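Peer 1: Let me see the structure of the following:
(chains A, B, C and D)
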There are 2 protein chains.
Amino acid sequence: MGTEDGERVGLRERKKQETRIALSWAAIRLAVERGLENVRVEDIAAEVGVSPRTFNNYFSSKGEAIAARHLDRARWIAAELRAQPASKPLWEAITDAALARFALGQEGDGKHTPDQQWVAGLRLMLAEPALQGEFFKAGAIAEAELAAAVAERTGTDVTHDLYPRLVAGAVGAAIAVVMEQWMRADPPVPIMALLSDALRQLAAGLPVP
Amino acid sequence: MGTEDGERVGLRERKKQETRIALSWAAIRLAVERGLENVRVEDIAAEVGVSPRTFNNYFSSKGEAIAARHLDRARWIAAELRAQPASKPLWEAITDAALARFALGQEGDGKHTPDQQWVAGLRLMLAEPALQGEFFKAGAIAEAELAAAVAERTGTDVTHDLYPRLVAGAVGAAIAVVMEQWMRADPPVPIMALLSDALRQLAAGLPVP
DNA sequence: AAGAATTTTTGCGTGACACGCAAAAACGGG
DNA sequence: CCCGTTTTTGCGTGTCACGCAAAAATTCTT
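Peer 2: Numbers count the residues shown, from 1 in each chain, chains lettered A, B, ... in the order given. Model prediction:
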């Protein structure tokens, strides 16, 4: 066991992550192009230049592969919260953390969003019933990590106290609602505005408007 | 078409609902007893006295069958909210509606809970990764109905306003957290207490305790 | 009440999938 | 440059979801 914990990225791990991500993106791209039903596992594997059997070494289903990108992205929110200065009040920190993760796709100029692919994937996951389960499951995993981060920050206990998971759940729900709303806003509205608005309402106790 | 809208329950629909529910319960019971992996669709169908093919006329997967009971139960919360007097403030109405739906399994006497089966199913759905997706999906459907009820009551618009879905999402998350906490509370704690506490915290803006 | 018209159930066939297992290939370290 | 470990791959198997059309059941019509 040569290196300690600090440098855990063996050149091998790196490679694995790369194919993992490549498989995930390939799955999304193909599903968006031809529709989920017209994509076989075989196609995804071929796209990445890997055997069909190998696909199942990374993901146990098409849906999991597609949701993987969403999961990774959602995980980062918890990490971002931990990175916030401890002095910042909780809700402010949460808002900043969430906003930091969504600083994308909001410029209206000619610049084509690089995450257009991700948005398409999101739209797909919300539309296809076969994917919705995986989508929510990913959200739940991210919420668990967020709950841990909240517990850390507030000095509460994830297993005994309701509070951290309550916060994580509410925030997760808010993000989900915001993303959905943002995707079908006909006169496009900046996602940051929606998000900070939603979180503000949450922290205000969701009073009847 | 003889009867109006009032009596829409044809004797036929009734029968369908019955087999649907029977299939669902059978799926839960078998999965709880032997573990999900050791239950084939064939077994569930046999249990109800119906052909395997018919099972798939009702549910498109084992998971969906198991989650069906949860879905039905969750749906009732929206209905219960609509039944609350319009004069009651929103959060009070929501709390009462939710509590009404969970007035079960909380007596500590020798009486064996009739919903023990349901609790076992719930535990199963949270434990088995293959079921979690369906579980959350059911929650999302119920949340959508709850959002509609909230919109009705508050005079907001489900499609344009963030508010009703925000409330529904937060309440859904709270219920999920409460159920999870309740199921693994070692000194059993009444679910009603947990639930009203969680909702109170929500309505208070989730201040750091 | 008997036949007609729906609706539901069923059987069969098909395409796809997830996964266990063991051989083969790739890779990293000494 | 060879050895041990990890990863990839091929193959076989059991399960599953679903389309389709015949058969059975149930409701409606007159």
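
Peer 1: residues in contact with stretch A:20-35?
Peer 2: With contacts defined as CB atoms under 8 Å, 6 or more residues apart in numbering or on different chains, stretch A:20-35 is touched by A:39, A:43-45, A:47-48, A:50, A:55, A:58-59, A:62, A:65-66, A:68-69, A:117-118, A:120-121, A:124, A:128. In this view, the C-beta of every residue, glycine as well, is placed from N, C-alpha and C.

Peer 1: Just the buried residues out of the residues you listed, in ChimeraX syntax.
Peer 2: Applying 16 or more other CB atoms under 10 Å in any protein chain shown to those, the buried members can be selected in ChimeraX as follows:
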select /A:39,43,44,45,47,48,50,55,58,59,62,65,66,68,69,118,121,124,128
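
Peer 1: Identify those among the contacts of stretch A:20-35 that sit within helices.
Peer 2: Cross-referencing those with the helices (criterion: DSSP state H) gives A:43-45, A:47-48, A:55, A:58, A:62, A:65-66, A:68-69, A:117-118, A:120-121, A:124 as the overlap.

Peer 1: right, is stretch A:32-40 up against DNA strand D?
Peer 2: No: Stretch A:32-40 stays clear of DNA strand D (CB under 7 Å from any atom of the strand), getting no nearer than 9.3 Å.

Peer 1: Return the residues in contact with the residue nearest the centre of chain A.
Peer 2: Among the residues of chain A, A:A74 comes closest to the average C-alpha position under CA atoms, centre = their mean, at 2.7 Å. Going by CB under 8 Å, 6+ apart, A:A74 touches A:A138, A:G139, A:I141, A:A142, A:I175.

Peer 1: hmm, 10 Å instead?
Peer 2: Counting by CB atoms under 10 Å, 6 or more residues apart in numbering or on different chains, A:A74 makes contact with A:67, A:101, A:135, A:138-143, A:145-146, A:172, A:175-176.

Peer 1: Output the residues you listed in CSV; the columns should cover neighbour count.
Peer 2: Formatted as CSV, the entries for the contacts of A:A74 read as follows, by neighbours: other CB atoms under 10 Å in any protein chain shown:
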residue, neighbour count
A:A67, 29
A:R101, 19
A:F135, 26
A:A138, 25
A:G139, 22
A:A140, 21
A:I141, 15
A:A142, 23
A:E143, 26
A:E145, 18
A:L146, 30
A:G172, 23
A:I175, 24
A:A176, 22
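
Peer 1: Tell me the gap between stretch A:116-130 and the middle of its chain.
Peer 2: A distance of 12 Å separates the C-alpha centroid of stretch A:116-130 from that of its chain, computed with CA atoms, centre = their mean, to the nearest Å.

Peer 1: Check the average confidence over it, would you?
Peer 2: Mean pLDDT, computed over stretch A:116-130, is 93.

Peer 1: of the contacts of A:A74, the lowest pLDDT goes to which?
Peer 2: In terms of pLDDT, the lowest of these is A:R101, showing 85.

Peer 1: Could I get the phi/psi values of the residue nearest to the centre of chain A?
Peer 2: In terms of degrees, to the nearest 10, the main-chain angles of A:A74 are phi -70, psi -40.

Peer 1: Look up how far DNA strand D lies from it.
Peer 2: From A:A74 over to DNA strand D the distance is 25 Å, taken as CB to the nearest atom of the strand, to the nearest Å.
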